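J.: 3D, please:
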Amino acid sequence: MYGVPKRMPIVISHAGADRAWAEWARWHLEAAGYPTELDSVDRAPGTNAVEAMDRALHRDNPMLALLSAAYLKADRFTTDEWTARWAQRRGNPDVKLIPLRVEKADLSGGLWAPIVVPDLFDLVPAQAVSVLLDAVRRVLEPAPAGPLTAAPPDYPGRAVAAGPRPPGSLPPVWNLARRNPGFTGRDGMLGELYDTLRGGSRVAVQALHGLGGVGKTQLALEYAHRFAGEYDLVWWIPSEQPELIGDHLAALARQLCLVPVDTPTPAAADALQEHLRRTDRWLLVFDNADDRDHLAPWLPDGPGHLLITSRNPNWTGVARPMDVDVFTRAESVALLRAHLPHLDGPGADRLAEALGDLPLAVGQAADLLVETRLSADDYLRELTAHMTDPKRESRPPAGYPLPLAAAVTLTAERLLAADPAAGQLLHLCARLGPEPIPTDLFTSSPDELPQPLRAAAAGTVMFSRVLAQLTRYGLARPTAAGPILHRLVRAVLRDTDPDPYLHRRVVEELLVAARPDDGSDPRWWPRWSVLLPHILAADPATTGYHQLRYTACSAVWSLLARGDFRAALPLAEQLHRAWQPDEDSVLIIAHALAGIHRGLGEYEQARDLDQDNLARERRRRGADDARTLNAAHNLATDLRHLREFERARELDENTLARRRRLFGGDDPQTLASASSLAIDLCELKEHEQARRLSEETLEKYREQGGDDHPATLTTANILGVILRRSGEHEKAWQLNRDTWDRRRRLLGDDHPDTLTSANNLAADLRELGEFEQAREIDEDTLERKRRVLGNGHPQTDRSIENLARDLDALGRYAEAAELRRELRSEP
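T.: Numbers count the residues shown, from 1 in each chain. Have a look, this model is predicted:
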């Protein structure tokens with residue numbers, strides 16, 4: 001029998017930092033029929049590493065050595081390992097050593113200098129596999145057909161015929177920030193994290209928890225980059241603002257083309273959940289998620305991996321916790337000396353001691369010393385002054401150690417002194433949100449900025465230089481979408497702001513200037529998604545600046561308009577509670593809040609709010625004001641949902657008469673009242689009058705806004721219902737089919753308006769005797785409404801009844817009865 005004997009696996013010798021390469025090589029070697037054994041230097045506590053290495057070396061196993069800078073370090077066990085193997089070869093030429101280089105490590109000196117070592121890095125996946133197998137086959141006999149091992153390697157991608165990609169090759173779906181080139185240490189923790197995530201559960205969930213500044217985010221980022229080759233999808237989800245998590249998941253659903261661009265967030269997130277249940281090789285990272293109850297509903301269930309970073313240690317029942325502590329002293333010293341090669345060991349040790357071995361503080365100190373050429377002793381003196389001078393206000397926010405807060409304030413002061421424009425930019429960024437800050441927020445409105453930042457923002461090159469200073473000083477992390485500040489950096493800078501009033505007002509002016517529209521235009525919804533985290537960070541609930549309040553109201557309206565009622569509700573409620581009852585801004589948000597309750601099917605709450613809104617608007621503005629008439633229009637809609645058709649008709653007739661007198665018969669507000677009244681008339685069975693009014697209104701809307709305008713489609717939907725109830729089923733079907741097609745194209749299949757059109761089209765088909773077609777549409781619509789609106793929503797219940805009618809018509813009475821039992825069992 002040819003090939004490597006079963007009891008002679010290839011020992012893969014590697015540094016802990018190269019675990020991903022070792023796993024990649026292991027997969028492809030075993031797939032080719034070569035059994036393997038990983039020989040990691042990062043052994044569990046209590047293992048005698050010397051004895052373990054000695055046992056491996058005194059066997060005749062072939063050794064695959066993965067050479068890198070870390071592997072070749074003189075103080076690593078790997079150096080003892082490969083030098084011992086060289087010594088064995090001198091006495092026994094049959095001892096096999098197969099070296100391969102996994103990064104640009106210097107091999108120009110010593111034993112490796114005369115050896116031609118093939119490279120695995122910077123190759124396309126197929127080439128890398130070919131280099132690996134060719135190197136092994138030159139030393140060993142060909143492997144037998146099929147693996148010799150009893151079980152295939154336990155690898156996330158083992159079911160994929162092509163195998164995993166080489167480390168460093170990014171998956172096709174990826175949104176992570178660039179890798180931190182200064183990342184140091186944590187090899188043991190990264191190895192443990194890797195082993196835990198591939199431990200065999202259907203979905204592996206790991207929570208990295210610890211104090212602020214200990215490097216949880218950087219650890220997760222390094223893990224994702226280091227093991228990127230094992231995944232086809234890696235997505236980063238900022239989770240500090242729980243109300244925006246759904247938006248990030250919806251963005252991934254759109255990136256995967258699972259839903260149209262304008263699909264409401266709940267439906268898009270549900271589509272993503274369903275997709276992830278059926279696929280593997282994915283990793284989602286929920287960063288800064290401190291509330292387990294808010295996060296748990298968003299966690300997908302599927303054969304992938306989830307990483308959570310959090311200051312909260314309590315993840316029992318949701319994720320397996322892993323405590324992330326400060327650096328070991330050796331890791332702190334290694335990071336400092338990697339940045340500052342002339343810093344001696346004792347000096348690095350003193351710095352690390354003063355900084356409490358906190359990774360964020362150590363990293364910022366290193367960046368500051370490199371950038372300013374400040375000596376380590378001078379830095380230590382200034383740091384001590386920040387921590388001990390009672391006049392200084394570098395008190396740490398709750399949960400953060402004093403050395404970390406002192407390091408941030410010291411670095412910020414140095415930046416401000418060296419580059420005042422960059423210092424100003426830093427303090428403005430600190431008042432924005434925890435997600436990427438769009439740089440056009442500053443460059444589009446330079447006149448709102450203080451000098452000298454105003455002059456810098458007027459030029460692209462100058463502003464880029466100023467922005468880069470934040471990264472060079474270790475105070476911001478660059479991303480393609482804009483800089484991100486660590487939550488601690490933001491918190492400390494806000495608490496120690498030298499001019500808080502100025503910086504808050506400038507940020508408010510920038511956000512107001514960035515307001516794209518009133519929230520109703522679908523073309524601007526992506527922009528609102530970018531702005532929303534920063535609007536929330538500006539705390540519009542407490543501002544006295546009314547223009548920022550109006551901007552916040554428009555942001556809520558953008559969520560309402562795209563059907564994301566659940567995300568809009570807590571924001572609207574917070575603003576409604578915070579502002580005074582008779583202020584103009586609170587009336588605007590109250591109108592939005594009523595619309596949200598209406599969208600959620602909570603019609604009584606909507607009616608109560610709208611009744612109050614109408615009374616307040618009448619008292620403040622009079623009966624003929626446009627806002628008062630809008631409040632009356634909304635209240636009529638609530639009454640109609642509550643089947644109070646006569647009251648709705650009286651209100652709509654009064655509103656229509658006033659709008660005609662004030663604005664004319666062709667004004668959009670007048671046409672909206674006409675459409676509303678047509679529905680009332682239809683419900684009161686005055687079909688002919690309803691039809692005439694609706695046809696006139698639709699014609700005017702088409703003339704003014706075109707066939708695709710949202711108001712045109714709403715009126716066409718109303719006319720379709722009137723035609724069906726008038727017995728003109730063929731005309732109703734034609735109109736409703738056209739409306740449904742347009743809404744699907746413009747709003748997406750899952751928008752609540754599209755689902756209403758689908759229900760109407762199915763009703764037309766049922767009236768035309770096309771029961772099977774009606775059933776197919778109603779079945780699909782019910783599934784979508786369950787996702788978008790939820791069970792128990794009146795519109796979902798209506799779809800259940802519609803599907804039951806289709807099943808009755810098809811003679812499937814038992815299925816229809818089961819659906820109706822579901823309705824009766826709802827609370």
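J.: What mean pLDDT does the helix or strand in which residue 22 is found get?
T.: In this structure, residue 22 sits in helix 19-31 according to DSSP states H and E. The average pLDDT within helix 19-31 is 91.
J.: CA atoms only for whatever helix or strand comes next after that helix, dumped as CSV, please.
T.: With elements assigned by DSSP H and E, the helix or strand that comes after helix 19-31 is strand 36-40. The C-alpha trace of strand 36-40 is given here as CSV (Å, rounded to 0.1, in the frame of the first residue of the first chain):
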residue,chain,number,x,y,z
THR,A,36,-2.7,15.6,9.6
GLU,A,37,-2.1,16.8,13.1
LEU,A,38,-2.0,20.4,14.2
ASP,A,39,1.0,21.3,16.4
SER,A,40,-0.1,24.7,17.9
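J.: What lies in contact with strand 36-40?
T.: Residues outside strand 36-40 that contact it (C-beta atoms under 8 Å, 6 or more residues apart in numbering): 9-14, 16, 19, 22-23, 25-26, 29-30, 53, 56, 61, 63-64, 81, 153, 191. C-betas here are computed from N, CA, C, even on glycine.
J.: and these, which are buried?
T.: 9-14, 16, 19, 22-23, 25-26, 29-30, 53, 56, 61, 63-64, 81, 153, 191 (16 or more other C-beta atoms under 10 Å).
J.: so residue 104 touches residue 121, yeah?
T.: Yes. Look at residue 104 against residue 121 with C-beta atoms under 8 Å: they come within range, at 7.5 Å.
J.: So between the two, which is more surrounded?
T.: Legend: neighbour count by other C-beta atoms under 10 Å for residue 104 and residue 121, higher for residue 121 (17 against 11).
J.: secondary structure class for the nearest residue to residue 273 once chain neighbours are set aside?
T.: Excluding the flanking residues, the one nearest residue 273 by C-beta to C-beta, 6 or more residues apart in numbering is residue 300, at 5.0 Å. With DSSP: H, G, I helix; E, B strand; the rest coil as the basis, residue 300 sits in coil.
J.: In contact with residue 300, which residues?
T.: 203, 272, 273, 276, 277, 284, 306.
J.: go with 10 Å
T.: 203, 205, 249, 269, 272-277, 282, 284, 306 (C-beta atoms under 10 Å, 6 or more residues apart in numbering).
J.: Going by neighbour count, which of those residues are buried?
T.: 203, 205, 249, 269, 272, 273, 275, 276, 282, 284, 306.
J.: Phi and psi next, for the residue nearest to residue 273.
T.: phi -80, psi 160 (degrees, to the nearest 10).
J.: And it, how far from residue 223?
T.: Distance, residue 300 to residue 223, using C-beta to C-beta, to the nearest Å: 18 Å.
J.: which sections of the stretch 51-200 of the chain are below the confidence cut-off?
T.: Where the stretch 51-200 of the chain drops to pLDDT under 70, the residues are 51-59, 142-162, 200.
J.: where along it do the helices fall?
T.: Per DSSP state H, counting those that start in this stretch, the stretch 51-200 of the chain carries helices over the ranges 77-91, 125-139, 187-197.
J.: Could you name every residue contacting both of residue 104 and residue 121?
T.: Joint contacts of residue 104 and residue 121 (C-beta under 10 Å, 6+ apart) are residue 68.
J.: Pretty sure residue 667 sits against residue 697.
T.: No. Contact between residue 667 and residue 697 fails when scored by C-beta atoms under 10 Å: they sit 11.8 Å apart.
J.: Who has more neighbours out of the two?
T.: The residue with more neighbours, out of residue 667 and residue 697, is residue 697; 27 against 16, by other C-beta under 10 Å.
J.: Excluding residues flanking it in the chain, which one is nearest that one?
T.: residue 674 (4.4 Å).
J.: And that neighbour, how far from residue 696?
T.: The gap separating residue 674 from residue 696 is 7 Å, by C-beta to C-beta.
J.: Which neighbours do these two have in common?
T.: In contact with both residue 674 and residue 696: 665, 715, using C-beta under 10 Å, 6+ apart.
J.: next structured bit after the helix or strand containing residue 694?
T.: Per DSSP H and E, residue 694 falls inside helix 687-705. Sequence order places helix 710-725 as the next helix or strand after helix 687-705, per DSSP H and E.
J.: pLDDT on that following helix, on average?
T.: 93.
J.: buried stuff in the helix or strand following that helix?
T.: Downstream of helix 710-725, the first helix or strand assigned by DSSP H and E is helix 729-747. In terms of neighbour count (16+ other C-beta under 10 Å), helix 729-747 has its buried residues at 729, 732-733, 735-740, 742-744, 746-747.
J.: which one of the helices of the stretch 51-200 of the chain is the most hemmed in?
T.: Ranked by mean neighbour count under mean count of other C-beta atoms under 10 Å, those are led by helix 187-197, which reaches a mean of 18.
J.: who has more neighbours, residue 674 and residue 696?
T.: Neighbours were counted for residue 674 and for residue 696 using other C-beta under 10 Å; residue 674 has more, 24 against 15.
J.: so that one is in which element?
T.: Assigned by DSSP H and E, residue 674 falls in helix 668-683.
J.: Give the buried residues for that helix.
T.: Result for helix 668-683 [16+ other C-beta under 10 Å]: buried residues 669-683.
J.: and residue 113, how many neighbours?
T.: 9.
J.: residues contacting it?
T.: Residue 113 sits in contact with 106, 107, where contact means C-beta under 10 Å, 6+ apart.
J.: where do the strands sit along the protein?
T.: 10-14, 36-40, 63-67, 97-101, 173-174, 204-209, 233-238, 282-287, 305-310, 320-323 (DSSP state E).
J.: Compile those into CSV and extend it with columns for distance to residue 163.
T.: Below are the strands of the chain laid out as CSV (distance: least, C-beta to C-beta, whole Å):
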stretch, distance to residue 163
strand 10-14, 15
strand 36-40, 14
strand 63-67, 16
strand 97-101, 17
strand 173-174, 19
strand 204-209, 20
strand 233-238, 17
strand 282-287, 17
strand 305-310, 18
strand 320-323, 27
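J.: and those strands, which one's lowest on average pLDDT?
T.: strand 36-40 (a mean of 79).
J.: Next, the angle helix 187-197 makes with it.
T.: 140 degrees (axes from the mean of the first three to the mean of the last three C-alpha atoms, to 10 degrees).
J.: Appreciated, that's everything.
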